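Visitor: Sequence and predicted structure are below.
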Amino acid sequence: MSLLDVENLRVTFPTRQGPAEVVRGVSFSLGRERLGIVGESGSGKSQTGRAILGLTPAPGVTTADRLSFDGIDLRNLGARQWRGLRGKRMSMVMQDPKFSLNPVMPVGKQLMEVLRTHGASRAEAREKSLAMLEAVQIRDPERVFRAYPHELSGGMGQRVMIAMMVVSEPDLLIADEPTSALDVTIQIEVLRILDRLVTDRGMGLIFISHDLRLVSSFCDRVLVMYAGRVVEELKASELHQAQHPYTQGLLNCLPQIDEDRYPLPTLDRDASWAE
Amino acid sequence: MLNVENLEVTFALGADVVRAVRGVSFTVQQGESYGIVGESGSGKSTVLRAICGLAPTSGGRITLDGAELPTPRSPAFYRRVQMVFQDPYASLHPRHTIDSVLSEPLSIQGFDRHDERIEQALEDVGLGAGFRFRYPHQLSGGQRQRVAVARALILEPQIILLDEPTSALDASIQAEVLNLLDRLRAERGLTYVMVSHDLAVISHMCERLLVMQHGLAVEELERADLRGQRAQTDYTRKLLKASAGYTKEDAQA
């Protein structure tokens, strides 16, 4: 049975020019695997991730024909039921640790908060938090536990965020550009941590990114989004056989270390892609 | 043409002393495109800022055509050397129109024929005169970066310092901006010094490059060395490998 089922997901924001639909009928299902969602800014990939967790910012409205997580219908959950799910069974890693961690609370306290909210004792929460910091390859967990977010580097901050999101061992993790703010070498380390969580714990992962090449080297399956729609679904290993001109264009326009192409091919957007 | 010798940049904040650049040397020939690669905190952007006089140098020499640069830099220096910054959302004044963004350097340097030059500069970066009286918030990221390039070009400089000019842009927009930079260099015989964390972008744009780590120069490579994976140091090899993406070996490591 699949972990997450999404059918005809739509997210709409009211604007002065009338309603703007930013996600327009996205459907997919996710098992215990790594699914990538790729697209450029404004393609609706982040809004898709947020909508699944019920985090569409007001006054946006989410509708779907089907939105179920492990048999639970997510469409009409109350605030209390959401609290029971979010953080515990499904969670989300945001893009930038600088803006997503509480700047005036030590890291350890923020980590413990997750566990305390879901009913762990203080000692238990502390022990688990430290273990999780170690699990995300932080060398000196005791020091980081006491540190404030501004005392950590970007890579460390991102690992802390991942630790915070997986400390409660969720079944589903949505990672929204978790490595975009990081250097290439640290990026690989963060991916390794996520990879282990999928393989060892059987977690389902939705990896949202603008980097098609990175996603295809890491995920099992890739959804390519353009203007709020999924234009193509691919096995990551068959990316070079992409059919849609948008996917091909995205792949082509990246410079490569071992290639000489002047000028670089650019993307000619076709109005029909958005239909 | 541009020569940097044993450059040292130190930031002192109270008792905290950060040696951001520690003895970096390189030479850029006329008409060349020179790259500087490194991770965040490696000091690569600080080198560019030091050349421009925006960071305090505590040691070493920077010379342009053999002459040491005065501190603060003279207007004549900025005539010849211009810089394009990383974030087009932060580097344009939000309440100045594109017209005033472009006319300010012209007034400072005492150029004539403002109208003509502004229209030409916008044309050169592929925007057209229709953008002249817009505000930055009316432009997309790629269009803003074109304005930033136009602002650097309008003084007809010989050297342009590019600090991660495409890292805030989408892949398809990045291709357009890189093509624009390539074309302008070919047409005008410009010299570029380009900083990036992306090896692929540097390999596309630059004939020679310097790899930096922790404020030190790790090694200097030709483009052919980079393509042939002939790196001398472990650090560069690690960078090259990481740039290739995630592999199954990474999972086991």
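Guide: Structure received. This is a predicted model, so every value here is computed, not measured.
Visitor: Now do residue A:65 against residue A:10, distance only.
Guide: The gap separating residue A:65 from residue A:10 is 9 Å, by CB to CB, to the nearest Å. Placement of C-beta: from N, CA and C, glycine included.
Visitor: okay, these two: which has more neighbours?
Guide: Between residue A:65 and residue A:10, residue A:10 has the larger neighbour count (other CB atoms under 10 Å in any protein chain shown), namely 18 against 12.
Visitor: Report the contact partners of the more buried one.
Guide: A:21, A:23, A:24, A:25, A:26, A:62, A:63, A:64 (CB atoms under 8 Å, 6 or more residues apart in numbering or on different chains).
Visitor: do that again at 6 Å, thanks
Guide: Contacts of residue A:10 were listed using CB atoms under 6 Å, 6 or more residues apart in numbering or on different chains, and they are A:23, A:63.
Visitor: State the helix or strand in which it lies.
Guide: For residue A:10, the element it lies in under DSSP states H and E is strand A:4-15.
Visitor: Local confidence estimate at residue 226?
Guide: All of this is about chain A. Here the pLDDT value assigned to residue A:226 is 92.
Visitor: was after chain B, sorry
Guide: 89.
Visitor: With adjacent residues omitted, what lies nearest to it?
Guide: The shortest distance from residue B:226 to any non-neighbouring residue, by CB to CB, 6 or more residues apart in numbering or on different chains, is to residue B:203 (5.1 Å).
Visitor: Quick one: list the elements packing against the helix or strand harbouring the one you found.
Guide: According to DSSP H and E, residue B:203 maps onto helix B:199-205. Contacts defined by 3 or more CB pairs under 6 Å, 6 or more residues apart in numbering or on different chains; DSSP states H and E place helix B:199-205 against strand B:33-38.
Visitor: buried residues in the strand it packs on?
Guide: Of the residues in strand B:33-38, B:33, B:34, B:35, B:36, B:37, B:38 count as buried by neighbour count, 16 or more other CB atoms under 10 Å in any protein chain shown.
Visitor: ok, of these, which one's closest to chain A?
Guide: Taking CB to the nearest CB as the measure, chain A lies nearest residue B:38 of the buried residues of strand B:33-38, at 8.8 Å.
Visitor: Once you drop chain neighbours, what's closest to the closest one?
Guide: Nearest residue to residue B:38, sequence neighbours excluded (CB to CB, 6+ apart): residue B:212, at 3.7 Å.
Visitor: Number of residues surrounding the residue nearest to residue B:226?
Guide: Residue B:203: 26 neighbours (other CB under 10 Å).
Visitor: if I pick it, what's in contact with it?
Guide: Residue B:203 sits next to A:257, B:223, B:226 when contact means CB under 6 Å, 6+ apart.
Visitor: Distance check, it against residue B:37.
Guide: Distance from residue B:203 to residue B:37, by CB to CB: 9 Å.
Visitor: do the same with residue A:138
Guide: Between residue A:138 and residue B:37 the computed distance is 27 Å (CB to CB).
Visitor: got it, and residue A:40?
Guide: 25 Å.
Visitor: Phi and psi next, for residue A:20.
Guide: Per-residue torsions, residue A:20: phi -110, psi 120 (degrees, to the nearest 10).
Visitor: Now for the residue nearest to it when sequence neighbours are not counted, how many residues are close by?
Guide: Counting by CB to CB, 6+ apart, the nearest residue to residue A:20 once its immediate chain neighbours are dropped is residue A:13, at 5.1 Å. Residues lying near residue A:13 (other CB under 10 Å) number 15.
Visitor: And the pLDDT at residue A:13?
Guide: Residue A:13 carries a pLDDT score of 93 in this model.
Visitor: So what sits opposite the residue nearest the centre of chain B in the bridge?
Guide: Residue closest to the average C-alpha location in chain B (CA atoms, centre = their mean): residue B:162, at 1.4 Å. For residue B:162, the beta-bridge partners are residue B:84, residue B:194 (DSSP bridges).
Visitor: and if you look at residue A:207?
Guide: Those that pair with residue A:207 in a beta bridge, by DSSP bridges, are residue A:36, residue A:175.
Visitor: in what helix or strand does residue 123 lie?
Guide: All of this is about chain A. According to DSSP H and E, residue A:123 maps onto helix A:122-135.
Visitor: think we crossed wires, I meant chain B
Guide: Element membership for residue B:123 (DSSP H and E) is helix B:114-124.
Visitor: Run through who's touching that helix.
Guide: Residues outside helix B:114-124 that contact it (CB under 6 Å, 6+ apart) are B:102, B:103, B:106, B:129, B:131, B:150, B:153, B:154.
Visitor: Which members of those are the farthest-apart pair?
Guide: Within these, B:106 and B:131 form the most distant pair, 16.8 Å apart (CB to CB).
Visitor: Does the nearest residue to residue A:241 once chain neighbours are set aside fall in a helix, a strand, or a coil region?
Guide: Excluding its sequence neighbours, the residue lying closest to residue A:241 (CB to CB, 6+ apart) is residue A:234, at 7.7 Å. Classification of residue A:234 using DSSP: H, G, I helix; E, B strand; the rest coil returns strand.
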